[in-house]
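Novice: I would like the atomic coordinates for the input below:
(one chain, ligands or ions: 1)
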Amino acid sequence: MTADLDTETQRPIVVASNRLPFTFERTAEGLQRRPSSGGLVTALDPILRKRGGHWIGWPGIEMKPGEQLPSAREPYSITPVQLSAAESERFYEGFSNGTLWPLMHSMPTRARFHREDWEVYGQINERFGEVVAQQALDAGLVWIHDYQLMLAPAHVRRLLPDVRLAFFLHIPFPPYDVFRLLPWDREFLRALLTCDLIGFHVRSYAHNFLDCVQRILGARVRRQEMIVEYGDRTTRVGAFPLGIEFDTFESLAMAAPRTATAEAGATVLGVDRLDYTKGIPERIYAFERLLENYPEHHEQVVLFQIAVPSRSQVEEYRELKSEIDELVGRVNGRFATATWSPIRYLYRSVTRQQLAGLYRDARVGLITPIRDGMNLVAKEFVACQVGEPGVLILSSLAGASDTMREALLVNPYDIDGSAEAIHRALTMEEEERRSRVVALRRRERRDDLDSWVASFTKAASATQPTIAPITDSDFEGWLSDYMEGYRLSLFLDYDGTLAPLCDHPSNAILSDSVHHTLKTCAERPDTEVAVVSGRSLSDVRKMVDLETVTLAGNHGLEIEGPRFSTFVHQDLIHYRERANQLARDLESLGVNGAWTEAKGPTLTYHYRSVPEDSREQLVKQAHTIISRAGYQPRDAHAAVEARPPIGWDKGRAVLHILRERYGPSWSEEVRVIYVGDDQTDEDAFRFLAGLAQTFRVGSADTATAATRRLPNVAAVHALLDWLSRRPLT
Ligand code: GDG
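Specialist: Numbers count the residues shown, from 1 in each chain. Have a look, this model is predicted:
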């Protein structure tokens, strides 16, 4: 088998989705395959059949130890991701279909939010990410699909920092006010932003996503270009309306034998997975209204509804099935005659060939979801209009309505309006029917599945945009209103914030221009500047070299500054000797370029020069030694900090400085900005949440409590520069 290649890079494409294209069932004869249902498989299977590549997904059953999947017949390779029955319940039925599916379809009252489900969803996404990363070492493109795997990109990115990574969402992305109901909204957005490209079906979903990253994460969004900048990474966002295999459906429709429905008079056809988003009850009400209002259709017209069983483990789906059964029974009971039942309802799937014949012979395609990412049935219906032209009635709430403007568009909640549309479709002149169908078919033939794949993969392999320099207008937008009329207290971390990270801390020297701008800020009568560092106080004093600046060393355990009584945490006295002992203990780990920096009461074990493959072991040992000495180990940039177990951190140090300077009502006197790049700055970000504007500098890969991110030291300098030039308060 040859893995086919990503066109641009000539390297294989790796696709991951929750389901594989087939699902297994355990029978007396062993594991049996049956095709998976639904739009995602319909879309992806032909792509991989044609191009080859690798598909990673869940096989649909819990496999027994040592059990092998029957070998694949597909012309592409497959790696199954195993889930236990318990995991599948929480991950699939629970979080994917109980939380995300309704929420993303803007039906929040149906969504349930359970932490246990969320945790398992996170674990399974991590598992998927790891399997994908194993298979994608030389991939030209990793392409992850749909709402079940929205956190997986972050894990792939963690393991393969340089891989080309794209995501496509097959369902809607809801507006900000709905998405933010998700208690884990930030985690989802952050994970998606590890991708190079994120695709949606239509522009409005892409715009909803942009709104969310801007408002929830504080990311920088270039709307015109549809680019998100977050930390030091850029992500393209785009609308890629999915198409179908037009030619295949057309050929199937041409070849399909005449169906029994064609003999039964005019058929109004509905085809859906049995799902509450598909608007099946509303459709039956609309059909009932048609029969009430237009008796001329009695005995002439049949609504043929195919509902493919779906998610039948989920209670809500079982309830929906009963509701539909009851409705069909009631309407049939009300209108049926000896020779005619108005609704034919099939609760099972049919073959593709049968489906094509049904589409072709239907007089009306009634596709009226109350919410739908795209809806492929509408497209398949028009592809199959190879004989007498039928009429497509399409919900304006399906993504497909964005482009399929020649359909009769209806709001499915408007029962009378929908009934009118059915009547209009049933009585439409042939000329109008043909004009509409011709236009619809022309577009779907052109924008078919191949063209979708080509446009998506082309966008995914385009050169990644660079971060546009941060300008005055960014800072004005973010900070002007907040600061207006107030004094400013500005807190800055040192390493990685004011000076770039270096192999050795002694090399992390302030550039002349940053030093100058910092000095200008600190000399302004309306601004106080403090540098809060993990370095020892004497060290940070040497590096900053400005008497006008307040300095906090050892994460704020020692503070000094102008008009400020020097502070040394009272408990430190107990730790000086212990720190010396710990420094001696850590010497044993001084291998491969690792070394220990003794900073008085605290220490830092640096491993920046240690080769990647020996880091994990050393870090683990460092943690053990530090904990054994009664100190707290804490991960920093290529370093482990050892801090005495004193309830003190950068957050408390900031509070101390603010209270000393401005008294207990400091928040009424002064506005606060805090900028840092390190895990230890997170204490300050958390403490200052709602009380300050906070910026996390650097990579977007770790979570942050900061209000916004800045990409690098240059952006911090731009901020200082803007602050130094602003009009005096
Ligand atoms: C999700 C999004 C988005 C249906 N019944 C039978 C059958 N089908 C096939 C259809 C069609 C597919 O299933 C259904 O696709 P949809 O797009 O309508 O809907 P979802 O399953 O909800 O798909 C949706 C899609 O992903 C793709 O991105 O469009 O918005 O919700 O292809 O033909 N196929 C066969 N027998 C049936 O009885 N063989």
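Novice: ok, now how distant is residue 321 from residue 334?
Specialist: 21 Å (Cβ to Cβ, to the nearest Å). C-beta here means a position set from N, CA and C on the backbone, and glycine is covered the same way.
Novice: who has more neighbours out of these two?
Specialist: Of the pair residue 321 and residue 334, residue 321 is the one with more neighbours under other Cβ atoms under 10 Å, namely 17 against 11.
Novice: I'd like to know how many residues surround the spatially closest residue to that one that is not a sequence neighbour.
Specialist: Of all residues not flanking residue 321 in the chain, residue 274 sits nearest, at 6.1 Å (Cβ to Cβ, 6 or more residues apart in numbering). Per other Cβ under 10 Å, the neighbour tally for residue 274 reads 20.
Novice: need the contact list for residue 274.
Specialist: With contact set as Cβ atoms under 8 Å, 6 or more residues apart in numbering, residue 274 has these partners: 280, 307-310, 312, 317, 320-321, 324, 347.
Novice: now do residue 265
Specialist: For residue 265, the contact set (Cβ under 8 Å, 6+ apart) comprises 299-302.
Novice: make a PyMOL selection of the buried ones in these.
Specialist: In PyMOL syntax, the buried subset of the contacts of residue 265 is picked out as below (16 or more other Cβ atoms under 10 Å):
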select buried, resi 301+302
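Novice: interface residues of the chain facing the ligand?
Specialist: Within the chain, the positions adjacent to the ligand are 37-40, 42-43, 170-171, 242, 271, 273, 306, 308, 349-352, 355, 372-377, 380 by Cβ under 6 Å from any ligand atom.
Novice: and the closest residue to the ligand within the stretch 51-200 of the chain, how far is that from residue 547?
Specialist: With Cβ to the nearest ligand atom, the shortest gap between the stretch 51-200 of the chain and the ligand falls at residue 170, namely 3.4 Å. Computed as Cβ to Cβ, the residue 170 to residue 547 distance reads 60 Å.
Novice: so between the two, which is more surrounded?
Specialist: Set residue 170 next to residue 547 and count neighbours by other Cβ under 10 Å: residue 170 wins out with 22 against 11.
Novice: what strand or helix carries the more buried one?
Specialist: For residue 170, there is no helix or strand it lies in under DSSP states H and E.
Novice: got a list of what residue 487 touches?
Specialist: Shown in contact with residue 487 (Cβ under 8 Å, 6+ apart): 526-528, 669-671, 729.
Novice: switch to 10 Å and redo it
Specialist: 524-528, 661-662, 669-672, 729 (Cβ atoms under 10 Å, 6 or more residues apart in numbering).
Novice: just the buried ones from these?
Specialist: Applying 16+ other Cβ under 10 Å to the contacts of residue 487, the neighbour count classes 524, 527-528, 661-662, 670-672 as buried.
Novice: okay, now residue 162: neighbour count?
Specialist: By other Cβ under 10 Å, the residues close to residue 162 number 6.
Novice: typed the wrong thing, it's residue 135
Specialist: With other Cβ under 10 Å as criterion, residue 135 counts 19.
Novice: pretty sure it sits against residue 80.
Specialist: No: taking Cβ atoms under 10 Å as the definition, residue 135 is not a contact partner of residue 80, at 11.6 Å.
Novice: domain-wise, how is the protein divided?
Specialist: What automatic domain parsing lists as the domains of the chain is 2-171, 246-448, 469-569+648-729, 572-646.
Novice: make CSV out of the contacts of residue 487 and add secondary structure and pLDDT.
Specialist: As requested, the contacts of residue 487 are arranged in CSV below (DSSP: H, G, I helix; E, B strand; the rest coil; pLDDT from 0 to 100):
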residue, secondary structure, pLDDT
524, coil, 97
525, coil, 96
526, coil, 96
527, strand, 97
528, strand, 96
661, helix, 93
662, helix, 93
669, helix, 93
670, strand, 97
671, strand, 97
672, strand, 98
729, coil, 84
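Novice: pLDDT weak spots in the stretch 251-400 of the chain?
Specialist: Residues of the stretch 251-400 of the chain meeting the criterion pLDDT under 70: none.
Novice: try 80 this time
Specialist: Scanning the stretch 251-400 of the chain for pLDDT under 80 picks out 261-265, 313.
Novice: the helices in it, which residues?
Specialist: Applying DSSP state H, counting those that start in this stretch to the stretch 251-400 of the chain gives helices spanning 260-263, 280-293, 315-335, 352-361, 376-383.
Novice: buried residues in the fourth one?
Specialist: This means helix 352-361. Residues of helix 352-361 classed as buried: 355-361 (neighbour count, 16+ other Cβ under 10 Å).
Novice: which strands and helices sit next to the strand or helix carrying residue 78?
Specialist: Secondary structure from DSSP H and E places residue 78 in strand 77-80. On a contact count with 3 or more Cβ pairs under 10 Å, 6 or more residues apart in numbering; DSSP states H and E, strand 77-80 meets strand 13-19, strand 54-58, helix 115-135.
Novice: switch the cut-off to 6 Å
Specialist: Applying 3 or more Cβ pairs under 6 Å, 6 or more residues apart in numbering; DSSP states H and E, one finds that strand 77-80 contacts strand 54-58.
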